[in-house]
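Trainee: Provided below for reference: sequence and predicted model.
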Amino acid sequence: MSNKSLMKTILLILSIIILTILLAQAIQMFLTSSELWKIDQILCSMDLGSTIPQPETSDHPVTQSLASTDLTKPVIKP
């Protein structure tokens, strides 16, 4: 093979590789945007004005701690 033919072959191979990478990224972008569109449609269909139910105290019992630290009052050192 001549030097010119070898350069054309290498250029052709590099072009195919670059086009393959660009095409793969374009396909991934279109698939991702479709997923984002679905998420947007789900969020828009939700009633965001409704109140979120609060957990009841019977679900999460509060137990008294033996700790003596009260974070709501400042610590005064003598």
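Mentor: Arrived safely. Numbers count the residues shown, from 1 in each chain.

Trainee: Which strands and helices lie in contact with the helix or strand containing Ile39?
Mentor: In the assignment (DSSP states H and E), Ile39 maps to helix 3-45. The contact analysis (3 or more CB pairs under 8 Å, 6 or more residues apart in numbering; DSSP states H and E) places helix 3-45 against no helix or strand. From N, CA and C alone the C-beta is placed, and that goes for glycine too.

Trainee: Quick one: mean pLDDT for that helix?
Mentor: Averaging pLDDT along helix 3-45 yields 84.

Trainee: in stretch 5-23, what's buried?
Mentor: By 16 or more other CB atoms under 10 Å, stretch 5-23 has no buried positions at all.

Trainee: Just the C-alphas of that stretch, formatted as CSV.
Mentor: What follows is stretch 5-23, C-alpha atoms only, in CSV (Å, rounded to 0.1, in the frame of the first residue of the first chain):
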residue,chain,number,x,y,z
SER,A,5,-3.7,5.0,0.6
LEU,A,6,-2.7,4.2,4.1
MET,A,7,-3.5,7.8,5.2
LYS,A,8,-7.0,7.5,3.6
THR,A,9,-7.7,4.3,5.3
ILE,A,10,-6.7,5.7,8.7
LEU,A,11,-8.8,8.8,8.1
LEU,A,12,-11.8,6.6,7.1
ILE,A,13,-11.4,4.5,10.3
LEU,A,14,-11.1,7.6,12.5
SER,A,15,-14.2,9.2,10.8
ILE,A,16,-16.2,6.0,11.4
ILE,A,17,-15.2,5.9,15.1
ILE,A,18,-16.0,9.6,15.6
LEU,A,19,-19.4,9.3,13.9
THR,A,20,-20.2,6.2,16.0
ILE,A,21,-19.4,8.1,19.2
LEU,A,22,-21.5,11.1,18.2
LEU,A,23,-24.4,9.0,17.1
